[in-house]
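Undergrad: coords please:
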Amino acid sequence: MNLDFLWYMVYAVIGFFIAEVLTYSVCLLVKRRFHWLILHKDEKPELSKTGLKTFLSHGYDSELGWIRKPNTSHNEKGKYGITKWTTNIRGARTNPGFETKNSEISCYGDSFGFCRQVNDDETWEHYLSILKNTNITNFSVGNYGIDQALLRIKREFKKNKTNTVILAIVPDTISRIISIWKHYYEYGNTFGFKPRFTIKNNELLLIKNPIDNESKFNDYQSYLSIIQKNDFFYKNKFKKEILNFPYCFTILKNFHRNFSIIYWMVKIQYLKKSNKNWADIEWNPKRIIMRINLRWRIKLYQNKEVLQLFRKIVEEFVLFSKENEFRPVLAFLPQKDDVNFIKDNFHFYENFLNELDSMKELLVIDAVNDLVKEHDIDAFYSDNNEYGGHFSREGNNKIATIISNELVRNSL
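TA: Numbering: from 1, shown residues only. So this is what the prediction gives:
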């Protein structure tokens, strides 16, 4: 064998080794500060014992995955400083001044229904309670998909009957209904195991929460085969974005995503150590993730199979309303990046909502139709970035007015 060739191979191996060590070291550095860059260990992450203990006592629900438990509270940062939410004895969000009044309207949904980042008297349910002079009970839970919200309606409604039920969701609920482990879509959300529906023989089939017992968290890896089989994002997103050996090659897949994250994180750390201003670029790494997620939900609203599942879940909501004699309302409450995209481009979920109009019993409210007309959309959201966080108190006041007007228009 040619001696020059052997030396070439030796140099190549040494070069690869150096490149691999450097790449892995940089990835580890970024990973410690930004969990959205996922490495091989994220395939089977170790669950934090202290975090799990807190989750089990404050949020775990064996059927739904997680919940806001009765008589709990938490502080959060909102647009005007620290805010506080509390729940009452029923597990609904506290509604100051209305707790002892009768309830004609109840609400279920996600964090935009629960109204994070505002105080109890600044939720849109509270403002709507004032407009309607009734105690609007709020059983929404952060990060719920419409599937979990529907299951909670079925569990809670007979104990908390109302004439009208509002199911309030963000457009991104379309991603949540095809997920079983949130970690495969929202990397690092390792306690977020949930049920989901599938369709079999044109009927909804419930896949129960695979971690339906507290002890299963310690052995969750035994359930990964069924979780991965039934989670859309495991193969379509997570596996395509995870970095593993050889890192200097796998980092090249999703080149723009990976290198943009690394660039901004390294720059932020450099500015911090140099005592220079870095606040202006702090959001940049997360902006990359939020834009990817926006592209995902736009894409999913073009996916016929996912839309069929979404429609079936809505149909089940309407069927349950008939059986229990209440008027069903579906409210779409968009994130700020949804509003800005629709204003500048096209209404990516409008066709789906138009299809839902065929359900005569269902009232569909799409808040984006009013929000796109606003000149200062930033005022309606709590975070000063393109994602926007949740509705501010001004935003919730606006949402209450939108919903109230629609209810009046439909004699509710």
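Undergrad: run a quick neighbour tally on residue 7.
TA: In terms of burial, residue 7 registers 10 neighbours under the definition other CB atoms under 10 Å. The way it works is simple: take the backbone N, C-alpha and C, and place the C-beta from them, glycine included.
Undergrad: that one: helix or strand, and which one exactly?
TA: When secondary structure is defined by DSSP states H and E, residue 7 falls within helix 3-33.
Undergrad: give the buried residues for that helix.
TA: By 16 or more other CB atoms under 10 Å, the buried positions in helix 3-33 come out as 23, 24, 26, 27, 30, 31.
Undergrad: how much space between the closest residue to the last one other than its chain neighbours and residue 43?
TA: Counting by CB to CB, 6 or more residues apart in numbering, residue 37 is the residue found nearest to residue 31 once chain neighbours are left out, at 5.3 Å. According to CB to CB, to the nearest Å, residue 37 stands 14 Å off from residue 43.
Undergrad: more neighbours, these two?
TA: More neighbours sit around residue 37 than around the other of residue 37 and residue 43, counting by other CB under 10 Å; the figures are 26 against 15.
Undergrad: surely that one and residue 26 touch.
TA: No. Judged on CB atoms under 8 Å, residue 37 makes no contact with residue 26 at a distance of 9.8 Å.
Undergrad: what's around residue 229, how many residues?
TA: The burial count assigned to residue 229 is 11, neighbours taken as other CB under 10 Å.
Undergrad: how is it assigned, secondary-structure-wise?
TA: Residue 229 falls in the helix class when you classify it by DSSP: H, G, I helix; E, B strand; the rest coil.
Undergrad: which neighbours do residue 37 and residue 26 share?
TA: Listed as contacting both residue 37 and residue 26 by CB atoms under 8 Å, 6 or more residues apart in numbering are residue 262.
Undergrad: assess the claim that residue 129 and residue 138 are in contact.
TA: No. Proximity of residue 129 to residue 138 does not meet the contact threshold set by CB under 8 Å, at 9.5 Å.
Undergrad: quick check: neighbours shared by those two?
TA: Joint contacts of residue 129 and residue 138 (CB under 8 Å, 6+ apart) are residue 95.
Undergrad: now the residue positioned nearest the centre of the chain: how far from residue 170?
TA: For the chain, the residue lying nearest the average C-alpha position, counting by CA atoms, centre = their mean, turns out to be residue 143 (4.3 Å). The spacing between residue 143 and residue 170, counted by CB to CB, is 10 Å.
Undergrad: find the residues that touch each one of these two.
TA: With contacts defined as CB under 8 Å, 6+ apart, the residues adjacent to both residue 143 and residue 170 are 110, 111.
Undergrad: can you pull out the low-pLDDT segments for the chain?
TA: Within the chain, the set of residues satisfying pLDDT under 70 comprises 1-2, 5.
Undergrad: before we move on, back to that, okay, residue 129 and residue 138: which has more neighbours?
TA: Regarding residue 129 and residue 138, a neighbour count based on other CB under 10 Å identifies residue 138 as having more, with 31 against 25.
Undergrad: correct me if wrong: the more buried one contacts residue 113.
TA: Yes. Residue 138 is within contact range of residue 113, at 6.8 Å (criterion: CB under 8 Å).
Undergrad: name the residues contacting each of those two.
TA: Counting by CB under 8 Å, 6+ apart, the contacts common to residue 138 and residue 113 are 107, 125.
Undergrad: hmm, back to that, what about whatever helix or strand comes next after the helix holding residue 7, distance to the chain center?
TA: The first helix or strand that comes after helix 3-33 along the chain, using DSSP H and E, is helix 49-58. In terms of CA atoms, centre = their mean, to the nearest Å, the centre of helix 49-58 is set 20 Å apart from its chain centre.
Undergrad: dump the C-alpha coordinates for helix 49-58 into CSV.
TA: Backbone C-alpha positions of helix 49-58 (Å, rounded to 0.1, in the frame of the first residue of the first chain) are rendered in CSV as follows:
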residue,chain,number,x,y,z
LYS,A,49,-36.4,13.6,40.3
THR,A,50,-37.1,16.9,41.9
GLY,A,51,-39.0,18.2,38.9
LEU,A,52,-41.1,15.0,38.7
LYS,A,53,-41.9,15.2,42.4
THR,A,54,-43.3,18.8,41.9
PHE,A,55,-45.2,17.8,38.8
LEU,A,56,-46.8,14.8,40.4
SER,A,57,-48.0,16.9,43.4
HIS,A,58,-49.1,20.0,41.5
